[in-house]
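S.K.: Just a sequence and a predicted model for now, questions to come.
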Amino acid sequence: FDPGDEIFDGRFRIDPQQLDDVAQALRAANFNVTRVTAEELRAENSFNATQFDVLVMRGDSVPRDAISNVKNFASAGGVLIALAAQRPFLIAMERRGKKWDYSPAQPNFAWETQDVMQTLGMRYIYAPGLHDAGVRHTPTAIFKKYLPAAREVLGKQPSFWVVPEDGGEFYPLMRSRRGDGADVSPQIFIARKGNARAVVSAQDLWVKGGKGWDLSTQTVVALARIAADLHSGTLKLTPADRVQIPRDLSPPLPLSTREVRGEVNPENAKPVVRWGKFNGSGNELPAAKSGQTTLPRSMK
């Protein structure tokens, strides 16, 4: 996608330079890259699944007047790639003068659209208690095949609550789990519903780099190869690759969100009584019952 030079900083951000860098990286990896303008994207005679295999976009936004054609492209077997998209394709945008803006700008949230997400079998749900919950992010066998250097990343990473719905399926590439082991929205994943498929990365860390991840260019190329192999049928997805994420998953219990990080006993001190492992996590503590004022027998 070639959005031009117009940038809007708000709930979404267009980054033309990043898309230029992505195009350059894919060309260097021997992909045949064509930049598609917003005008071309909305016209089926200039953009369709016969002429193109994969569409790469950035962020949470999609031009409103291209939504129908993007859905047609995905339904016809074309594969979407959404880079740094915590809520893929959720925000409809349009040019207003020389910049991109919400579509429509008023009233608030009128620009929110689930149309493309529904085609892909996923849904964004506003659930702050479930945001940013993943603390262990692990490359799956599929991802390691395309990016052997991929490694586990520990610690919270930004994410919103995006879940499979209405026949949709999620196949994680970087599987994300809470401190209590529950699966949450993956940081990088394949979404599939019927013929429609998308490869999604939730934030800039994976595709622009940052602390703890120096594989951004390799990641972009790996995601493109995954998308190309999905399109050609070379990459076969199996039920064993899928992860179940219930849309009504309960928020984690207090003190259970942290990952175990090793002992944190104070130096030169002898404990008189102990109620946990003092390892940075509260997952080993039994949940107290409502109204309980004494320790469970197992903890005495």
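M.R.: Noted; the coordinates are in hand.

S.K.: Show me what the longest strand anywhere in the chain packs onto, helices and strands only.
M.R.: Ranked by residue count under DSSP state E, the longest strand found in the chain is strand 169-177. Judged by 3 or more CB pairs under 8 Å, 6 or more residues apart in numbering; DSSP states H and E, strand 169-177 is in contact with strand 136-139, helix 141-146, strand 188-193. Yep, even glycine has a C-beta here, placed from its N, CA and C like the rest.

S.K.: So what's the residue count around the residue lying closest to residue 204 once chain neighbours are set aside?
M.R.: Leaving aside its sequence neighbours, residue 204 sits nearest to residue 84 (CB to CB, 6 or more residues apart in numbering; 4.5 Å). Residues lying near residue 84 (other CB atoms under 10 Å) number 21.

S.K.: just checking, residue 84 touches residue 200?
M.R.: No. Using CB atoms under 8 Å as the test, residue 84 is too far from residue 200 to be in contact (9.6 Å).

S.K.: Check the helices and strands packed on strand 169-177 for me and report the most buried one.
M.R.: strand 188-193 (a mean of 25; mean count of other CB atoms under 10 Å).

S.K.: what's in contact with it?
M.R.: 88, 119-122, 142-143, 164, 166-174, 197-202, 206, 219, 223, 226, 230, 237, 243 (CB atoms under 8 Å, 6 or more residues apart in numbering).

S.K.: Of the residues you listed, which belong to helices?
M.R.: Applying DSSP state H to these, the entries found in helices are 119-120, 142-143, 206, 219, 223, 226, 230.

S.K.: Let's have those residues in TSV, adding distance to residue 134.
M.R.: Shown next, in TSV, are the ones in helices among the contacts of strand 188-193 (distance: CB to CB, whole Å):
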residue	distance to residue 134
119	25
120	21
142	18
143	15
206	13
219	17
223	19
226	20
230	24
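
S.K.: just to revisit the earlier point, need the helices and strands packed on strand 169-177 in a markdown table (columns: distance to residue 36).
M.R.: Output for those, formatted as a markdown table (distance: least, CB to CB, whole Å):
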| stretch | distance to residue 36 |
| --- | --- |
| strand 136-139 | 30 |
| helix 141-146 | 24 |
| strand 188-193 | 21 |
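
S.K.: Same list (those) but as CSV, adding mean pLDDT.
M.R.: Formatted as CSV, those follow (pLDDT from 0 to 100):
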stretch, mean pLDDT
strand 136-139, 97
helix 141-146, 98
strand 188-193, 98
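
S.K.: Figure out which of those is closest to residue 129.
M.R.: strand 136-139 (18.6 Å; CB to CB).

S.K.: The closest one pairs with which strands, parallel or anti?
M.R.: strand 153-154 (antiparallel), strand 169-177 (antiparallel) (DSSP bridges).

S.K.: quick one: contacts of the first one?
M.R.: Residues outside strand 153-154 that contact it (CB under 8 Å, 6+ apart): 135-137, 174, 212-213, 259.
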